[in-house]
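Enquirer: quick one: sequence and predicted model below, then my questions.
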Amino acid sequence: MKKFRVLASPKFWFLGIILLVAFLIRLNNLTDRALWFDEAFSWRLIQFPFFEFLSRSASDVHPILYYILLWLWCAPLYLFKLTISLFWLRFFSVILSVGTVAAIYFAGKTLFQSKWIGITAAFLTALSAFQVQYAWEARMYALGTLLLCLCLAFLIKTTRAKTSTIAWRNGIIFGILIGALFHVHYFMLFSIAAIFLFVAVYSLIKITKSSSVQKKTILPLIAGCILSVVIFMPWFSIFLKQRAQVQQSYWIPPMDNWSIPNTMSRLLLGGVNDFSHRTSVICSVLVVLILLTPLILGRKKGDLLLFFSFVVPFAGSWWLSRGTSIYQDRYFVFASLALILLIARCIYFFPARFHLKNIAAILLTLYGFYNITQFWASMHFQDHPGTAATTKYIEEKAKPNEPILVSSSFVYFPIAFHLPTGVRYGIAVNQNLKNNYIATPKLYSESGELSHFGGGPILTKDDIAGSEIFQQQPSAIWAVDTTGFGGSKLGIPENYNLVDEKSFSELFGYQGDIIVRKYSIISNN
């Protein structure tokens, strides 16, 4: 009977509507942006046989859990010899992101024992442009947000357990979830540190002030933390090697005085462009108020947990970035969940009189709809066709035996995905294009090596072409360059003339433009 009452509950159906809205929003424009380098890395990595895939993953600078799940997600396509489409790659992240919306409802309801807070947080997450942006990517962000919400919920469930059996069950689930977080993204270590800090503070308070009955939840929590570390230990040696790679060579630009305020604006407003200093200051003040209000008015465990979950990642990344910069807006997609829950918590403090609380939630939801439409409009996908248009142009113009050389790995791997040619398990293959074969694109490199952040772990010998291409003196050569990060113009021998040039803009400024040039050999006659 209890299950039937749940199904008949208006909040159950309302949550279902929220999940449907979240799903439809994340499907919209899903494939309008061309695959970019980070996603191409995910795609290429899962092309390899499983044990080689594991070995190459260890050479990357990220943990392996997302890659394993993506490999399994695409395995049925390999089994039936189907092509991995852009939609299929990104659809996995969409499912995980919609799961995050459900999980944040569970977290809000559990942390504050309020379905209203859970529903409000779910709606805010469904409409968050910041969350949607990374739900579109074939990367590990949506997996991290899903697991983090569940982790926060089971932490608080453990503290509220009425019996030792329930406390230990929840504590073990909590430990497994943190163990999984260790293997999602290394920036998640800040969120894990915030959780461990909360457990330490909570345990200290309970030991000094609480009864023996309340103290029964402490040991399961500590055991859960220990279990998570045990789960992480087999990967620890690989983590140290990956950390050494980052310290030796990494590409993230240094922080400046406006890095954090600009991130605050992005968390609240979404979008891909930088904000004015005035907007950044206003948003930063709002975030501070959102952080402090629950600590002053609520003073519950969940308030302190969310405060730590938001502040520690910012403080930790700022501290470490004084050496090698690790600060990137995208990495705060995890901490942004705490801010969303705290916004819902702040609205909850509005007086119930005249339905002010509900009116505030409705107005914020309407703004969310407006903001997500503005976010879509600001992307201007039609003006930034990028790699997808580049490969279509080459497909239409290139002829057999005309080499296609790419000067940057940051463009090469996306091109390898979008052109219906590629490398499968390290073996170059061609597919028929309109009854005509074109050459497999090659990455031009004299050394045949790449940095770890430039695609080294996914590089094969069949990807590389050197000066021997020019020695063969083909009648024409296609050169693909980029004005974005890591770009440089490919040097073509003087016995070739430029006969065609076309530029295709990428979506984000750091990606620049892709420039396709066709050169023809100068005839001796």
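Expert: Arrived safely.

Enquirer: list the residues that contact the spatially most central residue of the chain.
Expert: By Cα atoms, centre = their mean, the chain has its centre lying nearest to Y141, at 3.0 Å. Residues in contact with Y141 (Cβ atoms under 8 Å, 6 or more residues apart in numbering) are 93, 134-135, 185, 330, 333-334. Placement of C-beta: from N, CA and C, glycine included.

Enquirer: also F375?
Expert: Contacts of F375 (Cβ under 8 Å, 6+ apart): 129, 132-133, 270-271.

Enquirer: export those residues to TSV and tack on neighbour count and distance to L148?
Expert: Below are these laid out as TSV (neighbours: other Cβ atoms under 10 Å; distance: Cβ to Cβ, whole Å):
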residue	neighbour count	distance to L148
A129	22	19
V132	22	17
Q133	19	17
G270	20	20
G271	16	23
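
Enquirer: ok, which pair from those is furthest apart?
Expert: With Cβ to Cβ as the measure, no two of the contacts of F375 lie farther apart than V132 and G271, at 11.2 Å.

Enquirer: all strands of the stretch 1-150 of the chain, in order?
Expert: Under the criterion DSSP state E, counting those that start in this stretch, the stretch 1-150 of the chain contains no strands.

Enquirer: below-threshold pLDDT in it: ranges please.
Expert: The stretch 1-150 of the chain contains residues with pLDDT under 70 at 1-9.

Enquirer: next one: the closest residue in space to K216 that isn't next to it in sequence relative to G171, how far apart?
Expert: Excluding the flanking residues, the one nearest K216 by Cβ to Cβ, 6 or more residues apart in numbering is S164, at 5.2 Å. As judged by Cβ to Cβ, to the nearest Å, S164 and G171 stand 10 Å apart.

Enquirer: who has more neighbours, these two?
Expert: Counted by other Cβ atoms under 10 Å, S164 and G171 do not tie: G171 has more neighbours, with 27 against 14.

Enquirer: show me what the strand or helix carrying the more buried one is packed up against.
Expert: G171 belongs to helix 164-182 when assigned by DSSP states H and E. If you count contacts as 3 or more Cβ pairs under 8 Å, 6 or more residues apart in numbering; DSSP states H and E, helix 164-182 packs onto helix 141-159, helix 188-209, helix 218-248.

Enquirer: thinking again about what came up before, shared neighbours, S164 and G171?
Expert: Counting by Cβ under 8 Å, 6+ apart, the common neighbours of S164 and G171 are P220.

Enquirer: contact partners for the closest residue in space to L124 that isn't next to it in sequence?
Expert: Distance criterion Cβ to Cβ, 6+ apart; nearest residue to L124, sequence neighbours excluded, is I340 at 5.0 Å. Contact analysis of I340 by Cβ under 8 Å, 6+ apart lists 104, 121, 124-125, 128.

Enquirer: Three-state assignment for I340, please.
Expert: Under DSSP: H, G, I helix; E, B strand; the rest coil, I340 falls in the helix class.

Enquirer: pLDDT score for it?
Expert: Note on I340: pLDDT of 96.

Enquirer: that one and Y141: what is the separation?
Expert: Distance of I340 to Y141, given as Cβ to Cβ: 15 Å.

Enquirer: and what of L356?
Expert: Using Cβ to Cβ, L356 is found at 35 Å from Y141.

Enquirer: likewise S488?
Expert: In terms of Cβ to Cβ, S488 sits 30 Å off from Y141.

Enquirer: and L366, by the same measure?
Expert: L366 sits 26 Å away from Y141, going by Cβ to Cβ.

Enquirer: same check, this time on F37
Expert: In terms of Cβ to Cβ, F37 sits 15 Å off from Y141.

Enquirer: same check on L204?
Expert: Relative to Y141, L204 is positioned 33 Å away (Cβ to Cβ).

Enquirer: helices along the stretch 1-150 of the chain, start to end?
Expert: 2-8, 10-27, 37-45, 50-58, 65-79, 86-112, 115-126, 129-135, 141-159 (DSSP state H, counting those that start in this stretch).

Enquirer: let me know which of the ones you listed is the nearest to S408.
Expert: helix 37-45 (9.1 Å).

Enquirer: now that closest one, how far from the centre of its chain.
Expert: Its chain's average C-alpha position is 12 Å from that of helix 37-45, according to Cα atoms, centre = their mean, to the nearest Å.

Enquirer: before we move on, what about stretch 96-116?
Expert: For stretch 96-116, the gap between its own C-alpha mean and the chain's C-alpha mean amounts to 20 Å (Cα atoms, centre = their mean).

Enquirer: mind listing what's buried in it?
Expert: Buried residues in stretch 96-116, counting neighbours by 16 or more other Cβ atoms under 10 Å, are found at 96-112, 114-116.

Enquirer: how about stretch 27-34: buried residues?
Expert: 27, 30-34.

Enquirer: nearest to W258, of the contacts of F375?
Expert: Nearest member of these to W258, counting by Cβ to Cβ, is G271, at 15.4 Å.

Enquirer: quick check, the closest one in a helix?
Expert: No - membership of G271 in a helix is not supported by three-state DSSP, which gives coil.

Enquirer: contacts only, for it.
Expert: Contacts of G271 by Cβ under 8 Å, 6+ apart are 129, 374-375, 378.

Enquirer: okay, now the domains of this structure?
Expert: By the assignment in automatic domain parsing, the chain contains the domains 2-30+61-379, 386-521.

Enquirer: for the ones you listed, could you give me JSON lines that also reports distance to S55?
Expert: Below are those laid out as JSON lines (distance: least, Cβ to Cβ, whole Å):
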{"stretch": "domain 2-30+61-379", "distance to S55": "11"}
{"stretch": "domain 386-521", "distance to S55": "9"}
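
Enquirer: out of those domains, which gets the lowest mean score?
Expert: Sorting the domains of the chain by mean pLDDT places domain 386-521 lowest, at a mean of 82.

Enquirer: quick one: it to chain centroid distance?
Expert: Relative to the centre of its chain, domain 386-521 is centred 27 Å away, using Cα atoms, centre = their mean.

Enquirer: pull the contacting residues for G455.
Expert: The contact partners of G455, taken as Cβ under 8 Å, 6+ apart, are 37, 41, 44, 409-410, 412-413.

Enquirer: rerun at 6 Å
Expert: By Cβ atoms under 6 Å, 6 or more residues apart in numbering, the residues touching G455 are 409, 413.

Enquirer: now the one 3 residues further on
Expert: I458 sits next to 41, 44-45 when contact means Cβ under 6 Å, 6+ apart.

Enquirer: what's the spacing between it and F87?
Expert: 21 Å.

Enquirer: do F41 as well
Expert: In this view, F41 and F87 are 18 Å apart by Cβ to Cβ.

Enquirer: same question, S284
Expert: As judged by Cβ to Cβ, S284 and F87 stand 38 Å apart.

Enquirer: which one's more surrounded, those two?
Expert: Neighbours were counted for S284 and for F87 using other Cβ under 10 Å; S284 has more, 18 against 11.

Enquirer: would you agree that one is in contact with N262?
Expert: No - with contact defined as Cβ atoms under 6 Å, S284 does not reach N262; the gap is 9.2 Å.

Enquirer: what number of residues lie near I296?
Expert: 9.

Enquirer: which of the helices or strands spans it?
Expert: helix 277-297.

Enquirer: identify the residues contacting the next helix-or-strand element following that helix?
Expert: As assigned by DSSP H and E, the chain's next helix or strand after helix 277-297 is helix 301-320. The contact list for helix 301-320 (Cβ under 6 Å, 6+ apart) reads 111-112, 190, 193-194, 197-198, 291, 294-295, 326-327, 335, 338-339, 341-342.

Enquirer: from the chain's centre, how far out does helix 301-320 sit?
Expert: How far helix 301-320 lies from its chain's middle: 19 Å, per Cα atoms, centre = their mean.

Enquirer: isn't there a strand covering L443?
Expert: Yes - the assignment for L443 is a strand, going by three-state DSSP.
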